[in-house]
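# Build me a model:
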Amino acid sequence: MKILLTGSSGQVGYELERSLQGLGQVVAVDRSRMDLANLDQVREVIRAERPQLIVNPAAYTAVDKAESEPELAHRVNAEAPAVMAEEALALGAALVHYSTDYVFPGQDPDPRAEHDATGPLNVYGASKLAGEQAIAASGVPHLILRTSWVYGTRGKNFLLTMLRLAKERDELRIVDDQHGAPTWSRTIADTTALILAQAGKHGQDGWRDWWQENGGIYHLSSQGRTTWFGFTQAILEEAGIDCRLVPITTDQYPLPARRPQYSVLSSELLQQRFVRLPDWREALRLCLA
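Numbers count the residues shown, from 1 in each chain. Purely as a prediction, here's the structure:
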């Protein structure tokens with residue numbers, strides 16, 4: 001099987017390039033070869049490679065900047081996945097795509113299930129929801145994996161920012177009224193590979209049947225919940241860094257894009273069907289080790 005992996009230089013794409021080895025021939029492309037803002041280029045690469053599977057972690061993820069660049073965010077997060085779905089369908093291929101907890105308004109403290117009503121609060125969340133809808137409407141065999149609070153050891157993310165700031169400052173003021181589940185990029189990649197390995201066990205004849213039975217939207221995030229303040233406490237404890245932390249409210253740290261107050265996703269469906277997911281603190285410990 002030929003697998004076309006987008007965004008290979010990103011924090012999830014980097015991990016996926018490793019995790020997908022052994023499932024097929026992985027053709028990993030980054031923005032220099034496939035810029036999702038260039039829809040013609042997206043088509044050209046897919047038609048040239050003719051993959052049996054497209055795995056798309058590439059996205060516009062600058063949540064606050066998206067408020068001033070809504071057209072670009074929509075092109076990358078909605079129009080490009082729509083093109084991928086169209087091209088995959090024409091090839092008889094399948095598509096794995098990643099989405100976000102920000103498709104929900106986050107007003108309810110209970111974990112969100114896949115079928116719960118969406119209602120993004122910001123441009124980024126709206127663009128990702130539009131991408132989900134375009135893929136589902138295309139009829140292509142697909143998995144849409146929604147995740148939350150993604151971090152890792154490369155790229156720009158909360159973990160690396162806190163590790164840097166804690167070494168530079170004596171005190172950090174961290175939001176303590178937004179709730180979610182930090183999810184390691186390697187957890188996302190390894191879980192994806194385990195799911196696709198199950199599909200691969202059915203061979204070429206059973207491949208399409210597997211997607212027919214198991215395709216759709218799943219929530220893929222670490223278990224448990226915390227706040228940005230609690231996440232920061234855990235990061236500094238695990239890293240052995242001493243820095244004073246002060247809890248603050250969202251109103252005390254205004255940003256251009258509104259955030260959901262409750263971003264916890266229920267991953268029960270994915271765990272029942274495929275594989276157990278780790279507790280967020282357990283994954284953080286492994287990441288920092």
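# which stretches of this protein form helices?
11-19, 39-49, 70-74, 80-91, 123-138, 158-168, 185-200, 203-214, 228-239, 268-273, 280-288 (DSSP state H).
# Those helices: lowest mean pLDDT?
Ranked by mean pLDDT, these end with helix 203-214 at the bottom, a mean of 83.
# Taking helix 185-200 as reference, get the angle to that helix.
120 degrees (axes from the mean of the first three to the mean of the last three C-alpha atoms, to 10 degrees).
# Show me what helix 203-214 is in contact with.
94, 141, 142, 143, 198, 199, 200, 202, 273 (C-beta atoms under 8 Å, 6 or more residues apart in numbering). (C-beta placed from N, C-alpha, C; glycine too.)
# Just the buried residues of those residues.
The neighbour-count test (16 or more other C-beta atoms under 10 Å) applied to the contacts of helix 203-214 identifies 94, 141, 142, 143, 199, 200 as buried.
# Distance-wise, check the last one relative to residue 259.
Read that as residue 200. According to C-beta to C-beta, to the nearest Å, residue 200 and residue 259 sit 38 Å apart.
# do residue 198 as well
Counting by C-beta to C-beta, the gap from residue 198 to residue 259 is 34 Å.
# Can you tell me which of the buried ones among the contacts of helix 203-214 is closest to residue 83?
Checking these against residue 83 by C-beta to C-beta gives residue 142 as the nearest, at 13.7 Å.
# Surely the closest one and residue 134 touch.
No - between residue 142 and residue 134 there is no contact, the gap being 10.5 Å when judged by C-beta atoms under 8 Å.
# intersection of neighbour lists for the two?
Joint contacts of residue 142 and residue 134 (C-beta under 8 Å, 6+ apart) are residue 85.
# which one of the contacts of helix 203-214 is nearest residue 4?
Taking the contacts of helix 203-214 together and measuring to residue 4 by C-beta to C-beta, the closest member is residue 94, at 11.0 Å.
# what's near enough to touch the nearest residue to that closest one once chain neighbours are set aside?
In this structure, residue 94 finds its nearest non-sequential neighbour in residue 141, 4.2 Å apart by C-beta to C-beta, 6 or more residues apart in numbering. By C-beta under 8 Å, 6+ apart, the residues touching residue 141 are 93, 94, 95, 208, 211, 212, 215.
# I figured the first one hits residue 54, correct?
Yes - taking contacts as C-beta under 8 Å, residue 93 lies within contact range of residue 54: 6.2 Å.
# okay, those two: which has more neighbours?
residue 54 (28 against 22; other C-beta atoms under 10 Å).
# Pull up the gap between the more buried one and residue 83, please.
From residue 54 across to residue 83, the span is 10 Å (C-beta to C-beta).
# likewise residue 156?
For residue 156, the distance to residue 83 (C-beta to C-beta) stands at 26 Å.
# Also residue 198?
Distance from residue 198 to residue 83, by C-beta to C-beta: 28 Å.
# cool, residue 50 as well?
For residue 50, the distance to residue 83 (C-beta to C-beta) stands at 15 Å.
# Could you do residue 172 as well?
Taking C-beta to C-beta, one finds residue 172 at 41 Å from residue 83.
# so what's the most far-flung residue of the chain relative to its centre up against?
The centre of the chain is farthest from one residue, residue 170, which by C-alpha atoms, centre = their mean lies 32.2 Å away. Residue 170 is in contact with 243, 244, counting by C-beta under 8 Å, 6+ apart.
# just the one 4 residues further on next, same as before
Each residue near residue 174 by C-beta under 8 Å, 6+ apart is listed here: 228, 229, 232, 245, 246, 247, 248.
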